[in-house]
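1. Quick one, structure for this:
(one chain, ligands or ions: 1)
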Amino acid sequence: MTNTETQNILVVGSGMSGLTAAIEAAEAGYDTLIVEKNPYLGGRVAQFHHYFPKLCPPLCGLEINFRRIKQNPRIRFFTMAEVETISGEEGNFDVSIRLSPRYVNEKCTCCGKCAEACEMEIDNPFNFGMDKIKAAYLPHDMAFPQRYILDQALVESDEAQKVKGACPYDAIDLEMESKTLKLKVGSIVWATGWKPYDASKLETYGFNNYPDVITNVMMERLASWTGPTRGRIVRPSDGEAPKTVAFIQCAGSRDENHLPFCSGVCCLASMKQATYVREQYPDALIYIFFIDIRATDRLEAFYTRVKEDENIRFFKGKVAKINQDDSGKGLILRVEDTTTEELHEIAADLVVLATGMQPNTSDNPLPIQIPYDDYGFIASKEAIAGVFGAGCSRIPMNVSEAVQDGTAAALKAIQSIARR
Ligand SMILES: Cc1cc2nc3c(=O)[nH]c(=O)nc-3n(C[C@H](O)[C@H](O)[C@H](O)COP(=O)(O)OP(=O)(O)OC[C@H]3O[C@@H](n4cnc5c(N)ncnc54)[C@H](O)[C@@H]3O)c2cc1C
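-> Predicted coordinates:
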């Protein structure tokens, strides 16, 4: 190693794959820096109610990882941060990181006095806009770090001084500005994960027109005790309990006009969500409309278990269109049963679109030239020398695969430094 080189590892993204990569590398003795765009760590799974197949709450696993971070001085992290530029080469990258202002500093104790004083409300981004929160807010109940944030609109409003004055700890800094941080790292793990496919592009399903057509990620928030209804699964239009719930698989997936690939997790996610409905409504009728069910290796056992429920009907057919019924309250799904070729019109109170996972790299690529596949995923594990893709930035995967992939990327990042 020359004296300009460094052994530090940069991990971009703090979902399960990035968190794992950072913690494993740090526990192997390497200084690691996490850069996360959100105001909290944890990625998409922080928004989930339960994990398939065990149906345990993701926040437990996240909590263990956050404890490992707190106990390890080798890990540093930045939230509201993005990598702006990368130059140099394996063992000796120059990186600049842009830190956006949170307007709340480390003196915040989460007392909530700022939110109490604040009248301005915004759509809650954590709950996909299904409810409102104060514009001075904690990103979610279990957020790590536990620190409030002020929305830009509040900072620019007449209310800002009042909210600042309400903080007993002098934790609000309205003058906070964006900062750029420059550092050297030896290798990079890129783990920026996925985003839900935009359901408003699925015109025949009326996502923007019918409030009771929601997506699978919204369903996770609806079922969660930290969600907009504190865990009650109800119809967004009127707050009533649904009697019939329909899950539409491959909503946009395996479709040349949308996402041509299979995300591999949506079938299991819908089965998991069917258990959420069943837990709250023992008599509800649940349909799962599918092309093929994808439940590989040991996950087949979860499929078998869910299938045993007589009121969960697996219907082989792709829903062509969703309309509102004559009363304007219910939804009618037009679908062909592909086993009999019969056309059906099926009524449902709540429809959940199983939209797939689109890589964040598809519209926010790395600030250094690397190869991508046709869908925008990082094309190979070692993208270029010293830069490694991990988790769903590389290929759609479930959480246990993301943990394995993060561990593998940590090892590769360490080897990349160690072999120099
Ligand atoms: C509806 C649904 C339900 C699911 N349920 C389950 C389940 O029950 N069990 C299971 O095993 N799997 C489930 N999955 C799959 C699971 O979501 C993924 O395996 C997991 O999120 C992968 O983690 P990741 O770290 O690769 O990505 P992510 O969780 O997407 O994390 C990526 C992180 O990178 C950050 N980021 C993005 N861009 C940038 C940037 N430019 N700079 C800095 N940071 C950035 C993001 O903010 C995020 O924190 C489900 C998927 C769906 C669609």
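2. how far away is the one residue in the stretch 1-150 of the chain that gets nearest to the ligand from Pro365?
-> Across the stretch 1-150 of the chain, the shortest distance to the ligand (C-beta to the nearest ligand atom) belongs to Gly15, at 2.0 Å. (C-beta placed from N, C-alpha, C; glycine too.) Gly15 sits 18 Å away from Pro365, taking C-beta to C-beta, to the nearest Å as the criterion.
3. same thing with Lys307?
-> Counting by C-beta to C-beta, the gap from Lys307 to Pro365 is 41 Å.
4. Which residues of the stretch 201-350 of the chain lie near the ligand?
-> Asn216, Val217, Val265, Ala269, Lys272 (C-beta under 6 Å from any ligand atom).
5. could you give the mean pLDDT of the helix or strand where the fourth one lies?
-> Spelled out, it's Ala269. Assigned by DSSP states H and E, Ala269 belongs to helix 266-280. On average, the pLDDT along helix 266-280 is 98.
6. On the pLDDT front, check the residue most central in space within the chain for me.
-> Nearest to the geometric centre of the chain sits Arg44, at 2.0 Å (C-alpha atoms, centre = their mean). pLDDT recorded at Arg44 is 98.
7. Thought Gly15 was touching it, still the case?
-> Yes - at 5.9 Å, Arg44 and Gly15 qualify as touching, with contact defined as C-beta atoms under 8 Å.
8. Need the residues touching each of the two.
-> Gly193 (C-beta atoms under 8 Å, 6 or more residues apart in numbering).
9. Give me the pLDDT value at the closest residue to Ala390 other than its chain neighbours.
-> Closest residue to Ala390 apart from its sequence neighbours, by C-beta to C-beta, 6 or more residues apart in numbering: Ala409 at 3.7 Å. You'll see Ala409 listed with a pLDDT of 98.
10. what about Ala409, which SS state?
-> Assigned state for Ala409: helix (three-state reduction, DSSP: H, G, I helix; E, B strand; the rest coil).
11. Run a quick neighbour tally on it.
-> 31 (other C-beta atoms under 10 Å).
12. Report the contact partners of it.
-> Ser17, Ala21, Val189, Ala191, Lys381, Phe388, Gly389, Ala390.
13. give the contact list for Ala295.
-> Applying C-beta under 8 Å, 6+ apart, the residues near Ala295 are Cys267, Leu268, Met271, Phe302, Tyr303.
14. what's the closest of the residues you listed to the ligand?
-> Leu268 (6.7 Å).
15. residue ranges for the strands of the stretch 51-200 of the chain, please.
-> 75-78, 81-89, 92-99, 121-123, 132-134, 136-137, 149-150, 179-185, 187-190, 194-196 (DSSP state E, counting those that start in this stretch).
16. Rebuild these as TSV, extending it with mean pLDDT, distance to the ligand and mean neighbour count.
-> Below are the strands of the stretch 51-200 of the chain laid out as TSV (pLDDT from 0 to 100; distance: least, C-beta to the nearest ligand atom, whole Å; neighbours: other C-beta atoms under 10 Å):
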stretch	mean pLDDT	distance to the ligand	mean neighbour count
strand 75-78	98	9	18
strand 81-89	98	4	16
strand 92-99	97	9	18
strand 121-123	98	18	14
strand 132-134	98	18	18
strand 136-137	98	17	26
strand 149-150	98	14	24
strand 179-185	97	13	14
strand 187-190	98	9	30
strand 194-196	98	5	20
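17. Was I right to think the residue of the stretch 1-150 of the chain closest to the ligand contacts Tyr40?
-> No - contact between Gly15 and Tyr40 fails when scored by C-beta under 8 Å: they sit 11.4 Å apart.
18. quick check: angle from the helix or strand where Glu401 lies to strand 179-185?
-> Applying DSSP H and E as the criterion places Glu401 in helix 399-418. Angle between the axes of helix 399-418 and strand 179-185 is 70 degrees (criterion: axes from the mean of the first three to the mean of the last three C-alpha atoms, to 10 degrees).
19. List the buried residues in helix 399-418.
-> For helix 399-418, a neighbour-count test (16 or more other C-beta atoms under 10 Å) marks 399, 401-403, 405-410, 412-414, 416-417 as buried.
20. any idea how far Tyr51 is from Tyr205?
-> From Tyr205 to Tyr51 the distance is 27 Å (C-beta to C-beta).
21. swap that for Gln369, sorry
-> 36 Å.
22. higher neighbour count, those two?
-> Tyr51 (19 against 9).
23. Contacts only, for that one.
-> Val45, Pro57, Pro58, Gly61, Lys272, Val399.
24. cutoff 6 Å now
-> Taking C-beta atoms under 6 Å, 6 or more residues apart in numbering, we find Tyr51 in contact with Pro58.
25. For it, report the pLDDT, please.
-> 96.
26. repeat for the one 4 residues further on
-> Model confidence at Leu55, expressed as pLDDT, equals 96.
27. what sits against it?
-> Counting by C-beta under 6 Å, 6+ apart, Leu55 has no contacts.
28. Need phi/psi at it.
-> When read as degrees, to the nearest 10, the backbone of Leu55 gives phi 60, psi 40.
29. Ala410 versus that one, what's the distance?
-> Leu55 is 28 Å from Ala410, by C-beta to C-beta.
30. And for Gly129?
-> The value you get for Gly129 to Ala410, if C-beta to C-beta is used, is 35 Å.
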